[in-house]
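Colleague: turn this into a structure:
(chains A and B)
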Amino acid sequence: MVGLVLVVLSYLVDADRAAFNNVILYTFIASIGVGSLFLVYTEYLSGAVWSTAFRRISEFLSYSIYILPLLLIPVFFNIGHIFHWLHPEPDDKILAAKAPYLNIEFFVIRTVAFILIWILFQYLVTKNSKKQDTSLDQNLTTKNIRLSAVFMPFFAITISFTAIDYLMSLEPHWFSTIFGVYYFSGTMLAGLASVTIIVVYLNERGLLIKGLTNDHYYSLGALMFAFTNFWAYIAFSQYLLIWYANLPEETFWFLARWEGGWQYITIGLIIVKFAVPYIGLLSQPSKMNPKRLVVMSAWILFAHYYDLYWLAMPNYNKGNLTLGWNELGFPILAVGLVILVFTTKAKNNNLVPIGDPKIKRGLDFRL
Amino acid sequence: MSEKILYSYTGIFDTPDEIIHAAEKISKEGFTKYDVNTPYPLHGMNKAMNLPPSKLGYLSLAVGLSGALAALLTMYWMSAVDYPIIVGGKPLFSFPAYVPVMFEVTVLSASIATVLGMLFIFFKLPNNSHPLQGTDYMKMVSSDKYGISIAADDPKFDESSIKNLLTELHAKHITAIYYDNEEINHKHNIFEPKFIGFLLIAALFTSGITYFTLNKLMFMLPFNWMMEQEKLNPQHSSEIFSDGFGMRKPVEGTIARGYLPYQFAGQPDLAGEKLINPLPFSEKVLTLGQRKYDTFCSPCHGYNGEGDSRLRGQFPNPPSLHSEKVRNWSDGRIYAVLMDGQNIMPSYTSQLDDEERWATIHYLRALQRALNAKESDLK
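Modeller: Residues are numbered from 1 along each chain as shown, chains lettered A, B, ... in the order given. The predicted structure follows:
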């Protein structure tokens, strides 16, 4: 509620700035929703058993996909201010060459298609999973495994192009071929972190099925640790290539993030998104201790939001740090929305996929 | 010598569940010096045996970090201190370029430390005579059975109670394992003083001979015929001449082959009178002239010499080359402009050699005739 009020207020005061924050909000919620969906499908595709007992949590979280169109409404009202490829300079050759991709019709079609694809796959997988609770039909698992194989290429394409459309095209003169993977690493982290927080929270209150141990926590922590490193690897690869080649048409993107106060945000990104989670999750006890794990997961969610802010906001106001109360409402709203979606879904449904044939083995999982 | 020393009591189990249960029970009884042998790693065994987390991680971390530091210092020393060369316009100490190497060295040193530490510190590798080796127990647990072995140096060890405990747990083939007397009494001849002394003498002898051969003998007559000579080494100062330079300037007044000194610097009119174009007018010469003209002259004078600068007013546009004045200049007069420059046009002595200058002038003549053709050209 506080978030909603702040967001509305910031729209009234400075609509452009609020719209940029709205883009961050959209990509953040998409990260959590699609990231959770990806976790569900990865579990099916890889045949993992250890995560079966709390797969339902990811399924509930993936319902956030349904609120994505809602979040896009304010963005589309201000679309002309966000994407300056909509009104390029007449002799801008780069934008002219990109016009077949970056035009409003195709952009809208893409966005709608991506959200529809996500909703479709989200609907199918949760429907099968829920049906299994009562019917105990093992063929539904097989069905979902087949579905996950179909989903993966769609996921790879949609998530990369979402990153390109909503984050990279804020600065349409710039291009980086690794950008989709960059956003994917954050997506994976956001999905894992939100699932971890909820699993630990529910389990410590005894609301989940009995039998989840520290070994399950450890595996979640290990995955988060791995993807923190993955993010750092991708982010540094992108930076190193551009730094080494030193081509003006690429370096300006980093230069914009290195002046007028942005350099502190950039240095902060290394600490917030890499150094702190790395040290925090490095040792084995820290991945097994529920309290520390929750703190690190919350931190990683914050770091992902920070990362998106770093990607988007310098395009709003180059050379001047943009940070104030206008930015505050959106992350609060994001957390509120995710909790809202999760609780409404979790209230009347089984928290555990009790019909899944893998659940017994999943609970017996030991390191 | 005949008395055998007990190493441990062993028991065999048939299923993984049984062995985990047994390990739990035995650790609960307070035993610490026992081990479990299974054909493959069992999940949950660490907990059943109440094992503390491995200390190996700390070794990996320490060696990994020192590897990163060593890589950083090495690269810093090599590229910023010892042999500073600017590469790609980057600063001498350019940290981003070091990061991949540091990362690789960290991973490499940490993994090597992990493997070697495991082998030599935790497995005590050079020692290859474990009492369990070659026993029936070991044969069984390395195919399809699960075994437990309680060592005799455990503080709670008591022969009869152990036997009872293992029977209680339904272990099969409860056997006592003894140290191999031969192995225990085996003396390593390697450490005998005689042998060590021999090694020392041999090492001293070989290194002495090697040192003498490489550092003294090779520099004595007649071996040093070509070894040491006064010559010019790359990137070193030379001792041949007193000023330290190996390369010499030509003797005053010398003229290099194929090179004529320009005698009319600052006297363009005189050059116009005295110099004539030595190149015959041919297609090859024209092609060369066109290439050089397009490269060096056209940015300002335009491809057709009309003074339409491509640099768009960043400099004052030069006058057209088709003016009456330039058309009536002799080749030598234009050559003087190329040599000395004129107004803000710089000298082109370093960009063009003699032949190229004359070829360019030929090409310019062709351009002029194309715009202002004579009657005779029409024929």
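Colleague: contacts and neighbour counts: CA atoms only from here.
Modeller: Fine.
Colleague: burial count for residue A:331?
Modeller: Look at residue A:331: counted by other Cα atoms under 10 Å in any protein chain shown, it has 21 neighbours.
Colleague: for the closest residue to chain A within the stretch 51-200 of chain B, which non-adjacent residue is closest in space?
Modeller: Residue nearest to chain A within the stretch 51-200 of chain B (Cα to the nearest Cα): residue B:96, separated by 6.4 Å. Closest residue to residue B:96 apart from its sequence neighbours, by Cα to Cα, 6 or more residues apart in numbering or on different chains: residue A:240 at 6.4 Å.
Colleague: tell me which element that neighbour is part of?
Modeller: Here residue A:240, judged by DSSP states H and E, is contained in helix A:214-245.
Colleague: which positions in that helix come out as buried?
Modeller: Using 16 or more other Cα atoms under 10 Å in any protein chain shown as the test for burial, helix A:214-245 gives A:214-236, A:238-243.
Colleague: kindly report the same for stretch A:355-367.
Modeller: By neighbour count on 16+ other Cα under 10 Å, the buried set for stretch A:355-367 is A:355, A:356, A:357, A:358, A:359, A:362, A:363, A:364, A:365, A:366.
Colleague: wait, isn't the first one in contact with residue A:132?
Modeller: Which is residue A:355. Yes: counting by Cα atoms under 8 Å, residue A:132 is a contact partner of residue A:355 at 5.1 Å.
Colleague: residues contacting the residue in the stretch 51-200 of chain A positioned nearest to chain B?
Modeller: At 16.1 Å from chain B, residue A:51 is the closest residue in the stretch 51-200 of chain A, using Cα to the nearest Cα. The contact partners of residue A:51, by Cα atoms under 8 Å, 6 or more residues apart in numbering or on different chains, come to A:43, A:216, A:362.
Colleague: which SS state does residue 281 fall under?
Modeller: I went with chain A, as the question did not name one. Three-state call for residue A:281 (DSSP: H, G, I helix; E, B strand; the rest coil): helix.
Colleague: let's do chain B instead
Modeller: In three-state terms, and counting by three-state DSSP, residue B:281 is coil.
Colleague: thought it was touching residue B:362?
Modeller: Yes: with contacts counted by Cα under 8 Å, residue B:281 reaches residue B:362, the gap being 7.0 Å.
Colleague: comparing these two, which residue is more hemmed in?
Modeller: It is residue B:362, of residue B:281 and residue B:362, that has more neighbours when counted by other Cα under 10 Å, with 24 against 13.
Colleague: ok, back up a step: if I look at the residue nearest to residue B:96, how far off is residue B:163?
Modeller: Look at residue A:240 and residue B:163: by Cα to Cα, to the nearest Å, they are 65 Å apart.
Colleague: how about residue A:275?
Modeller: 54 Å.
Colleague: before we move on, what about residue B:41?
Modeller: Relative to residue B:163, residue B:41 is positioned 26 Å away (Cα to Cα).
Colleague: next one: residue B:353
Modeller: Taking Cα to Cα as the measure, residue B:353 falls 102 Å from residue B:163.
Colleague: show me which of those two is the more surrounded one.
Modeller: residue B:163 (17 against 12).
Colleague: which of the residues in the host helix or strand of that one are buried?
Modeller: Assigned by DSSP H and E, residue B:163 belongs to helix B:159-168. Within helix B:159-168, the residues scored as buried using 16+ other Cα under 10 Å are B:162, B:163, B:166.
Colleague: reformat those into CSV and put distance to chain A next to each item.
Modeller: Shown next, in CSV, are those (distance: Cα to the nearest Cα, whole Å):
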residue, distance to chain A
B:162, 29
B:163, 30
B:166, 26
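Colleague: need the residues you listed in CSV with pLDDT, can you?
Modeller: Output for the buried residues of helix B:159-168, formatted as CSV (pLDDT from 0 to 100):
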residue, pLDDT
B:162, 76
B:163, 76
B:166, 78
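Colleague: rewinding a little: give me the pLDDT for the residue of the stretch 51-200 of chain B closest to chain A.
Modeller: Predicted confidence (pLDDT) for residue B:96: 89.
Colleague: and it, how far from residue B:90?
Modeller: Residue B:96 is 10 Å from residue B:90, by Cα to Cα.
Colleague: residue A:323 too?
Modeller: Per Cα to Cα, residue A:323 is found 33 Å from residue B:90.
Colleague: and for residue A:289?
Modeller: Distance from residue A:289 to residue B:90, by Cα to Cα: 45 Å.
Colleague: swap in residue B:108?
Modeller: 27 Å.
Colleague: tell me where the model's unsure across the stretch 251-367 of chain A.
Modeller: Scanning the stretch 251-367 of chain A for pLDDT under 70 picks out the ranges A:318-322, A:367.
Colleague: mind listing the helices for it?
Modeller: Assigned by DSSP state H, counting those that start in this stretch, the stretch 251-367 of chain A shows helices spanning A:262-269, A:276-282, A:284-288, A:290-312, A:325-347, A:359-363.
Colleague: any chance of the ones you listed in CSV, with distance to chain B too?
Modeller: Shown next, in CSV, are the helices of the stretch 251-367 of chain A (distance: least, Cα to the nearest Cα, whole Å):
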stretch, distance to chain B
helix A:262-269, 14
helix A:276-282, 10
helix A:284-288, 8
helix A:290-312, 18
helix A:325-347, 32
helix A:359-363, 12
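Colleague: make TSV out of the ones you listed and add distance to residue B:80.
Modeller: Below are the helices of the stretch 251-367 of chain A laid out as TSV (distance: least, Cα to Cα, whole Å):
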stretch	distance to residue B:80
helix A:262-269	24
helix A:276-282	30
helix A:284-288	39
helix A:290-312	33
helix A:325-347	43
helix A:359-363	55
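Colleague: ranking these by burial, who's on top?
Modeller: helix A:290-312 (a mean of 21; mean count of other Cα atoms under 10 Å in any protein chain shown).
Colleague: more crowded one of residue A:323 and residue B:90?
Modeller: Counted by other Cα under 10 Å, residue A:323 and residue B:90 do not tie: residue B:90 has more neighbours, with 14 against 10.
Colleague: what helix or strand is the more buried one located in?
Modeller: Take DSSP H and E as the rule and residue B:90 turns out to sit in neither a helix nor a strand.
Colleague: so who does it touch?
Modeller: Residue B:90 touches nothing, counting by Cα under 8 Å, 6+ apart.
Colleague: hmm, try it at 10 Å
Modeller: By Cα atoms under 10 Å, 6 or more residues apart in numbering or on different chains, the contact list for residue B:90 reads A:243, A:244, A:246, B:97.
Colleague: closest one to residue A:301 out of those, please.
Modeller: Residue A:301 lies nearest to residue A:243 out of these, by Cα to Cα, at 28.2 Å.
Colleague: for residue A:172, see how far away that closest one is.
Modeller: Residue A:243 sits 19 Å away from residue A:172, taking Cα to Cα as the criterion.
Colleague: same deal with residue B:282?
Modeller: For residue B:282, the distance to residue A:172 equals 53 Å [Cα to Cα].
Colleague: ok, these two, which is more surrounded?
Modeller: Using other Cα under 10 Å, the more surrounded residue of residue B:282 and residue A:172 is residue A:172, with 18 against 10.
Colleague: adding distance to residue A:109, write the contacts of residue A:51 out as a markdown table.
Modeller: Formatted as a markdown table, those follow (distance: Cα to Cα, whole Å):
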| residue | distance to residue A:109 |
| --- | --- |
| A:43 | 30 |
| A:216 | 41 |
| A:362 | 41 |
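Colleague: all good on my end, thank you.
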